[in-house]
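*Asks:* One predicted model, sequence on top.
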Amino acid sequence: MLLRNATTADFEFVAEHSAFKNYYTKEPERLFYSVALEQDGNVIAVGGLMLITKHTAWAWCEITTFVENHKIELVRTMRDWLDVTVSELQLSRLQAWVDPERPEAVKLIKHLGFVEEFSMKDFLGLDKNVSLFIKLTGV
């Protein structure tokens, strides 16, 4: 058996010969969705989703030093964007990993409706664990 890098032709072959016909009736047009939030000419945050499967995505967000006076608007805007995007893409599960040593990140992810599922040991290197948070959307 040979293990090698996949090619576009490999994916086309699998699509034509799938063991689960009609499971993927319509593939998403994109795998990555990203947005930026700006206030007074400064980027407060960037974030987005990366599809893992048809109904599951990784959520991510990076904030800047300009967020300090705009935290409430940030959470509301992110929550609204997630709700709309989840509905449009028919996502049933969102996942995000968070460094538990960053309490503001943990607080933000919880405000967005995520709950901690488990700890991923050594995810960022030796003795650098992260917490996996999930949000089941009900879609």
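*Replies:* Looks like it arrived, so ask away.
*Asks:* And Ser87, how far from Leu49?
*Replies:* Counting by C-beta to C-beta, to the nearest Å, the separation of Ser87 from Leu49 is 13 Å. To be clear about C-beta, it is placed using only N, CA and C from the backbone, and glycine gets the same treatment.
*Asks:* The two: which is more packed in?
*Replies:* Each of Ser87 and Leu49 has its neighbours counted (other C-beta atoms under 10 Å); Leu49 has more, 25 against 11.
*Asks:* wait, what's in contact with the more buried one?
*Replies:* Leu49 sits next to 32-34, 57-60, 85, 89, 91, 94 when contact means C-beta atoms under 8 Å, 6 or more residues apart in numbering.
*Asks:* By neighbour count, which of those wins?
*Replies:* That'd be Ala57 among the contacts of Leu49, by other C-beta under 10 Å, with 28 neighbours.
*Asks:* contacting residues around it?
*Replies:* 49-51, 89, 91, 93-95.
*Asks:* Widest-spaced pair of those?
*Replies:* Farthest pair in the contacts of Ala57 (C-beta to C-beta) is Leu89 and Gln95. Separation: 14.2 Å.
*Asks:* Give me the mean pLDDT for the lengthiest strand in the chain.
*Replies:* Longest strand in the chain by number of residues, with DSSP state E as the criterion: strand 42-53. Averaging pLDDT along strand 42-53 gives 90.
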